[in-house]
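Novice: Next come a sequence and a model predicted from it.
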Amino acid sequence: MPRMPKTFKPNVAKGRSVKRFKDPDPNFYKKAAWLKLRRVFLAHYPLCADPMGNHPDQVVEAQEVHHLKPRVERPDLALDWNNLQGLCKSCHSKETRREQLEGRT
């Protein structure tokens, strides 16, 4: 049976390298406190905040909860309601990527 070819995925985007920091709590997103806060936050803010103007004329459901100040920078704000933002999957991916390129996550 033929083997799948190896895929090369460099940590580079548009000529810039991506800095990755070690997660201080790799199980954070599985903990009950986060899961409850996430559920309540999305119930309270069900729409994407659209911070980059990706869909200005559309109403899009928020599916992800984004930390405005990344957990690696400010673990003390990981469960702070004021440090959260509801985003759709597309906006969350773009925002996370932007932060990675800036070296914030």
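Specialist: Received it, and whenever you're ready, just let me know what you need.

Novice: Every contact and neighbour count from this point should use C-alpha atoms.
Specialist: Will do.

Novice: Now do the strands in this protein.
Specialist: With strands called from DSSP state E, the chain shows them at 12-13, 16-17, 64-67, 84-87.

Novice: Of these, which shows the lowest average pLDDT?
Specialist: Out of the strands of the chain, strand 12-13 stands lowest, with a mean of 51 (criterion: mean pLDDT).

Novice: what's the distance between residue 82 and residue 56?
Specialist: 23 Å (CA to CA, to the nearest Å).

Novice: Please apply the same query to residue 101.
Specialist: Distance, residue 101 to residue 56, by CA to CA: 24 Å.

Novice: Those two: which is more packed in?
Specialist: residue 101 (18 against 11; other CA atoms under 10 Å).

Novice: So for that one, what pLDDT did the model give?
Specialist: So residue 101 comes in at 88 (pLDDT).

Novice: in the protein, which spans are helices?
Specialist: Here the chain has its helices, by DSSP state H, at 32-44, 89-102.

Novice: tell me the average confidence for the first one?
Specialist: The pLDDT scores in helix 32-44 average 98.

Novice: Please spell out which residues along that helix are buried.
Specialist: For helix 32-44, a neighbour-count test (16 or more other CA atoms under 10 Å) marks 37-38, 41-42 as buried.

Novice: what does stretch 57-76 give?
Specialist: Residues of stretch 57-76 classed as buried: 60-72 (neighbour count, 16+ other CA under 10 Å).

Novice: Distance to residue 90 added to the residues you listed, as CSV?
Specialist: Formatted as CSV, those follow (distance: CA to CA, whole Å):
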residue, distance to residue 90
60, 10
61, 11
62, 10
63, 10
64, 9
65, 12
66, 12
67, 15
68, 16
69, 19
70, 18
71, 20
72, 22
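
Novice: so which of the residues you listed comes closest to residue 48?
Specialist: residue 62 (4.3 Å; CA to CA).
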